[in-house]
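S.K.: Build me a structure from this.
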Amino acid sequence: QVQLVESGGGLVQPGGSLRLSCAASGFTLDYYAIGWFRQAPGKEREGVSCISSSDGYTWYTHSVKGRFTISRDNAKNTVHLQMNSLKPEDTAVYYCATGSCTVVGPVPDYWGQGTQVTVSS
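M.R.: A predicted model of the protein is given here:
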């Protein structure tokens, strides 16, 4: 069964860190570009970061540059999103997806189910 499963979300105080994971089953993740998206209540889903399948190209939306880092762990068939210096405005459901990683951000194809990130004191 082909699946993407996100994990690592939770409640964290402002300034804290979380590491999200996107684990694949049923296929090899390193053959695919992976994007991270988020959707806050009442807002549209937005692209946060992505990593290409071939040359390691990465993209970040402006609001997370310098704070978030996307990386692959091919041995674990997983892509991580390390999130540091978290802010309340980072609160959202975070999704990973296969698709494309372009110069204007990720283009999704197949979605995971999402993981909640809440940044609050």
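S.K.: Check the protein and tell me which residue is nearest its centre.
M.R.: residue 36 (2.9 Å; Cα atoms, centre = their mean).
S.K.: pLDDT at that residue, what is it?
M.R.: According to the prediction, residue 36 has pLDDT 98.
S.K.: who does it bridge with?
M.R.: Applying DSSP bridges to residue 36 gives these bridge partners: residue 49, residue 96.
S.K.: swap in residue 92?
M.R.: Under DSSP bridges, the beta-bridge partners of residue 92 are residue 117.
S.K.: residues near it, how many?
M.R.: Per other Cβ atoms under 10 Å, the neighbour tally for residue 92 reads 22. In short, each C-beta sits where N, CA and C put it, glycine included.
S.K.: mind listing what it touches?
M.R.: 38, 39, 40, 43, 117 (Cβ atoms under 8 Å, 6 or more residues apart in numbering).
S.K.: same question, residue 9
M.R.: Residues in contact with residue 9, defined by Cβ under 8 Å, 6+ apart, are 18, 20, 94, 115, 116, 117.
S.K.: let's see it at 10 Å
M.R.: Going by Cβ atoms under 10 Å, 6 or more residues apart in numbering, residue 9 touches 18-21, 83, 92-94, 114-118.
S.K.: same check, this time on residue 49
M.R.: Residue 49 sits next to 34-38, 58-61, 64-65, 68-70, 79, 81, 83, 96, 101, 105-106 when contact means Cβ under 10 Å, 6+ apart.
S.K.: host element of the nearest residue to residue 118 once chain neighbours are set aside?
M.R.: Closest residue to residue 118 apart from its sequence neighbours, by Cβ to Cβ, 6 or more residues apart in numbering: residue 11 at 4.7 Å. Assigning secondary structure by DSSP states H and E places residue 11 in strand 10-12.
S.K.: So which residues make contact with that strand?
M.R.: Under Cβ under 10 Å, 6+ apart, the answer for strand 10-12 is 16, 18, 20, 83, 86, 90-91, 115-121.
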